Structure formats: C-alpha cells, structure tokens
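Asks: Fold the following, please.
(2 chains)
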Amino acid sequence: MATRTKWLNATLMLFLALALVVTGCGGNSSSDNSKSGSSSGGSSGGSSNSQSGGSGSSGSSDEQITLRIVSPTVVENPEGEVETKYAEEYMKLHPNVKIEFIGVPMNEVYAKIITMATGRDMPDIFINSPEFYARAYEMGLTEDLNTLLGEEFVNGFHPATLREAVIDGQLQYAPFFTIPTGLLYRKDWFEEEGLSVPETWDEFVAAAQKLTKDTDGDGNVDRWGFAMVGSKNGSGGSRFIPIMRTFGAAELVKNENGEWVTQFDTPEAAQAFQLYGDLVNKYEVVPPGPFQTSYAEAVSLMASEKTAMMVTGPHTIGAVLKQNPSLEGKLAGAPLPHAPGKDTVSVLGMLGFSIYNGSKHKEVAADYLKFILSKENQLEWNKVTGRFPSRLDALEDPQIQSPTLSGFMQAMDFAFQVPDVPFYADVQVAAAEGYQSVIGKQAGAEEAAKRAAEAVNQLLESLK
Amino acid sequence: MKKSYAYSSSWSGYWFILPALLTMLVLIAYPLLYGVYISGFNTNLLNKWDFVGLKYYIQILSDTEFLNKIWITLKYAALVVAGNFVVGMSLALLLNREIKFRLLFRAILILPWLFPDVVVALLWKWLYNPLYGLFNYLLQSMHLIKTPIEWLDSQHFALFGVAIASVWKGYPLVMIMLLAGLQSISKDLYEAAEIDGCNKWQLFRHITIPGLMPVTLVVLILETVWWFKHFTIVWLLTAGGPINVTSVVSIDIYRTAFQSFQFGRASAMAVIVFVICLLMSYVYRRLLETNDQ
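Replies: Take a look at the predicted model:
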C-alpha cells in the first residue's frame, strides 16, 4: 500500500511538472500592450459607409475574424485615439471582425516584429518603413500588396511614397503617412524678435542665440533656441543625417559601380558634427542634458515653452498641442536650413502597413487598410496628428495647404530616398555616437566623422 | 522485502528531482545549447542559415571595441557589487542589533528590491534630469550650484550614476542574505571573544567575516554574474551613452540582435559572456574556499 502511494505521488508530481513546463513554454498570441478596439457587439443596421474606402470584403458574415495589428502610433498621443477610432468604426461596419492592436514604441517596434516572426507569432498587419522594408522582405514576411489592393488603388498613392515601398516590383507596404523632416519653430517668438525663417545654418544660429534668454529675470537662462535630440538612438541619428546632407555629405550613397559608400569622412560631414558641438558648447542655445533628450523629451521642451525650434516632422505639432493647447496657431514649419551653396534636404519619414504573407485574413486586412486610407480618414488623421496623408486625393485638399503645414509641404519636394540597406539603424547609431563625442568633447569633428565612417565601412564589409 | 525497500528508496530520489530537472533542461539547457548552435550561423532565424563556424568568435575576440565593452562591464559590475556589499553589510549589521522598530525598518529597506527594473530606471532618470530632476532642484535651492549639472551626460559621472541607481535597486538582496548569515553565527562565539578581550573591530574581523564566508561566496557569485549581465537600468538611463562610456556588453548584444538583426553574432557574444561568468564563479570559489581553509 505504501509502495502504491509512493508511485501515485510520484506520478502526480511528474504530471504536475509537465503541466508547469508546458504552461511556462506556452506562447501568448496577444503580446504586451495589446489593445482591442471596443467590442463590436452592436448591430450594423443603419450604419453609414461614408468613411469606408474598402471593398467591403470581410470574409463571410458568419466567420469571426480577429485582425492583429502591430503599430507604434497606437501608443502615441494623439495618434492612438484616432487609430483606435478607425478600428471601432470598421468593427461597427463589419461586426464579424475584431481588431486587436499590439502597441510598441517606435524605437522598439522592429525588434518586436522580428521577435514575433522568429516565434512564429506574426500579426496580420504590421508597421513597415523605408528603414525596415528591405529587412522584412529578406525575411520573407511581406505580401505583395499590388494584387491585394489593386492597381487603381495603388496608383492613388503619392509617387514619392511608392518609390520607397517597392522591391523587385512588389509593393511591400501601403504607405500610411509621411512626416517630412523640417524645422518646427515658434512663429510668435520669431515675430516678436523680428526674425525671419532661417534658410542657412548661420541664420539658424543667429536666431537661436536671439531666442535663448532669461525670461523671468532671475539671472538663469530658462528659454533656449533649439531642442536638440541628442540621444544615442534612431530618434537622434535620423535627425542628424538630413542635417548632414544639407552640408552636402550623405551617410550612404551609391558610387559609379553601384556599390554603397559612405561620405561620413568628408569635410562636409565634419562641418555637420562641428555644428552640433558648437550649438551646445559654443553658442549654448541647447538646454542642459542633450544626451538625455530623445523625441519625447524634446516635444515636452517645446510644449513647456522652453525651446523655440526643433528638427522634426509635422506630427510634432499634434503632440505639442496635446500637451499645451494654448500653443494653437503659434507653431509653424519650414524646410531645414542648409550650408551656403547647398540645398535643403528632407526625409519623408514614411510609415505604412504591411500584410504578413502567412496571414489567414489577407483580404480582410487589405480591406481594413483601404478603409483607413480613405480620403476622409486620411484628412482626419492629418487634422489631429499633423502627419501628412499618403493618398493624392487627400494631399490635394485645402486642409493640407494651411500656413502651419506649408513649410513641411515644401520640404517634401527635397526628400531623399533612404538607402535600402538592412543595417540602416546602425548607420543612424554611428551618426549619434559621432555627434555625442563632439558635444562631449571626446573627439574633434574630423575625428568623430572618421570614426563614424569606419563604423559604417565595417557594416558595409559585413554585407559582402 | 528489504531489497525492494532499498530499491524504491533510491528511485524515489530521482522522481523527486525529476520535475526540477525537466524544468532546467527545457528552460535553461535547451536555450543555452540553441544559443551556441545559432552562434555558428549567419542567420535571421527564419529563412537564412549560412554556416560560418567560429568566424564570429574570432571576429569578436579580435575586436578591441568589444574588449573595451567587457572592461566597462567589469567596472560597472565591480562598482555595483562593491556598493551592494558596503550598503548591504552596513544595514545588515544595524538590523542585527536589538533596535526599536527593527521589523519596520527591515520592511522599508527591502522596498527598492520589489520595484521592477524599469520603474527604478525611470525614477532615477527623473532624479538625474538636468532641468526637472530632484537632485538639481535641491542643490540649486540650497545655492550649492548655479547651473544645472548634466549628471548622465557627463562622461566622468555617467557610469557612477548608473551604478548608484543599480545599488539602490540591488542592496536589499545582499542585506537580507547577510542578515540571515549574521543570525546564524552563534552568540557564544562573540561572548567568548569578548571575555578574551576582543574589541569591536576584532570581533568583526575574526568572527563575523569568517562566519559569513559561506554566505558571502554565494552572494558574491550571484551578484557578480547578475550585474555583469545586467541590461535594463543601463539601457533606460543612458542607452550605453554618453558616447560609449556606459556601453556594457549586454547593450551590445541587444543592439546586435534586435537592431542589427545579426543573431549569430549576438549569440556568439552571449556565449562569450557565459564563459566569462563561469570563469568568475570558478575564481571566486577557489579564492574564498582557500581563504576559508
């Protein structure tokens, strides 16, 4: 009897252990920060299709479908409210469809997508961009959207957006919005000081110096001319690279043999690094702690009226106004300043949505994408967030031509195509290390530029 | 009857350890071996598996940047372990006395350990913020500084700043383990030594420290390995900056795996870190066991 009890106990413990192991190893198909649109429990009777841009194909009406979407904008403010609203409206129109967001901050979203891919847990729809689409294509994650969306729909995108969304003739993602990089500035302060919008970096420095002041008379500077994003990540690097291009040096460019080469080790690049160092150390127009200032911190500096200018896209207007609505009408955009004899430069900063080629609901996913890309929804997105539509019909609307946004519209014409190399994020970090070493006085501008070039050349070597 | 009793007795031991063994195999051994396997490939873990053998190990070990990061990691781990020991030991000695509200103090002093690493990092990021942080606010209020100090932007301070935040998070565990060790040392030894005329320092040196040696060995190994591999607090506070001053090896592995998507190379780096941790624990055991003898 005692032996039998022992065997029984041992068997029970073995089963318990196996159950624990299986539970511990079990994957959760809904990952962190998952957000559902509200339940679609209501009837669809009487619902209007006025905002539907889709073909209405959402599977058979009896089939319950869950669409999982990885998106960085759903966790941002005010973008998340609009994106959630689209999902709710779509679910009202299609009660058999449930949309589930997996929100991940922008700086971490590609790591998340790769992790989900290797864990065989890909969502139906995921964010994509010129910086990532080559990698996603290489990993075999993307469905060709030419077929799913149809030629007529695809032709409705701005041609500049399609240039950075196609590989081998296959549309990798549906461009959702662009945020052309330019100079966001306090229009009211410029008017008070009698300043005109800077067109060269010398004019920019002069304006920044004039706007850096002690406004409350306590002897300490409490307002600065420029909110520099000096962090060592994509936020910082992606802002420095267009600035460097305005000096005439490209982080990556194809030579006559069609091979990628870097221009980090040119005098023009060194000038860009020097500018960053001087803004902090010589002209002192940047608030203390630039290395700790990533995008979110810089937005807070603008919203709390500590800084007058920021290199960013039109989306920052929405983010700043969300924190400080009293700044309505006081912000404006302009193309980036440039070095004498050079041109201004911008980068589209485009994001779009891909459909996973292993998704079981590709048609429904495509229909949802068409829905959010309808003219009405694109204009609403722009109105709330400041991000520019990717669709031609929305771009031609008078709403986009407002004085606040016109400077960013101009910048779009000078957008360069982001090099489609899988390691572009590393190039941005190499740039960030360069400007941090100049600001931190660890290296001179030439030395910093040389080190950045070495880092990029090593990355290019690894491609071979 | 006797034979079957002996037979079932030895087998039941195996049954008892089987659940833990299975868990270890699945959750520890398998990922470890899979990581070693991946390190021999140039792979994206999906559709690309190009065998490269030991190429990544050779590249990494001959890369001065990587060796520099190992050095930074050693410095960081040394600072944090030393800080945890000093703070943990001091508080353990205090809590080992018969003081009022001892239980309350113990509960409060354990609190930092209960916070997730992310919360600790964001808390300290705010404290260190040059414009809005509490440290600068207090120093400026007391007129000790005129302009804000850029704590984490300073190449001289950043590593210490990150280490201080880590010590704040990590000292409670050391404190609790050393307190348990202190309470296991017989009071008779102290009484006998006092009778023989030992002062406080001699008591500490000849009774407390040797009595704590078994616990110290365990704590040192765990602490060193944990903080050598630590990622969260450093990543959130400085992301390895300014420049590369706090660029510990775990950040390098993270960037290589999840920003460059070079999983093979990242796995090779992780294997090297594993070997380093094994070596450190071996060295500690030999040193401390020799001292013990």
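Asks: Strands of the stretch 151-300 of chain A, start to end?
Replies: For the stretch 151-300 of chain A, applying DSSP state E, counting those that start in this stretch gives strands covering A:166-167, A:170-171, A:174-178, A:182-186, A:224-226, A:253-254, A:260-261.
Asks: Show me the one of those strands that comes nearest A:Lys360.
Replies: For those, the distance to A:Lys360 is smallest for strand A:174-178, at 19.0 Å, taking C-beta to C-beta. For the C-beta atoms, the positions are set from N, CA and C on the backbone; glycine is no exception.
Asks: so how many other residues sit close to B:Ile28?
Replies: Neighbours of B:Ile28 under the rule other C-beta atoms under 10 Å in any protein chain shown: 10.
Asks: And what about the residue of the stretch 1-150 of chain B found nearest chain A, helix, strand or coil?
Replies: Proximity of the stretch 1-150 of chain B to chain A (C-beta to the nearest C-beta) peaks at B:Pro19, 3.0 Å away. Secondary structure, DSSP: H, G, I helix; E, B strand; the rest coil: B:Pro19 is helix.
Asks: neighbours around it, how many?
Replies: 18.
Asks: In the stretch 201-350 of chain A, where is pLDDT below threshold?
Replies: For the stretch 201-350 of chain A, not a single residue meets the criterion pLDDT under 70.
Asks: still on that earlier bit, can you redo the strands of the stretch 151-300 of chain A as a markdown table with distance to B:Thr246?
Replies: Compiled in a markdown table, those are given as follows (distance: least, C-beta to C-beta, whole Å):
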| stretch | distance to B:Thr246 |
| --- | --- |
| strand A:166-167 | 38 |
| strand A:170-171 | 42 |
| strand A:174-178 | 35 |
| strand A:182-186 | 31 |
| strand A:224-226 | 26 |
| strand A:253-254 | 33 |
| strand A:260-261 | 31 |
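Asks: hang on, the earlier thing: so what pLDDT did the residue of the stretch 1-150 of chain B closest to chain A get?
Replies: According to the prediction, B:Pro19 has pLDDT 93.
Asks: Quick check: residues of the stretch 1-150 of chain B near chain A?
Replies: Residues of the stretch 1-150 of chain B lying close to chain A by C-beta under 8 Å from any C-beta of the partner chain are B:4, B:8, B:12, B:15-16, B:18-20, B:22-23, B:26-27, B:44-48, B:125, B:128-131, B:146-148, B:150.
Asks: If you could redo that for the stretch 151-293 of chain B, that was the one I meant.
Replies: So the stretch 151-293 of chain B meets chain A at B:152-153, B:155, B:238-244, B:255, B:258-262 (C-beta under 8 Å from any C-beta).
Asks: circling back to that earlier point, narrow the residues of the stretch 1-150 of chain B next to chain A to those that are buried.
Replies: B:Trp15, B:Pro19, B:Val26, B:Asn44, B:Leu45, B:Lys125, B:Tyr128, B:Asn129, B:Pro130, B:Leu131, B:Pro148, B:Glu150 (16 or more other C-beta atoms under 10 Å in any protein chain shown).
Asks: Show me the two of the residues you listed that sit farthest apart.
Replies: Going by C-beta to C-beta, the pair spanning these furthest: B:Trp15 and B:Pro148, at 63.3 Å.
Asks: Helices of the stretch 101-250 of chain B, residue ranges please.
Replies: Remark: helices assigned in the stretch 101-250 of chain B by DSSP state H, counting those that start in this stretch are B:102-114, B:117-128, B:134-141, B:158-184, B:187-195, B:200-203, B:209-228, B:232-237, B:249-258.
Asks: what's near enough to touch the residue nearest to A:Asn220 when sequence neighbours are not counted?
Replies: Spatial nearest neighbour of A:Asn220, excluding adjacent residues (C-beta to C-beta, 6 or more residues apart in numbering or on different chains): A:Asp214 at 6.0 Å. Listed by C-beta atoms under 8 Å, 6 or more residues apart in numbering or on different chains, the contact set of A:Asp214 reads A:Asn220, A:Val221, A:Asp222, A:Arg223.
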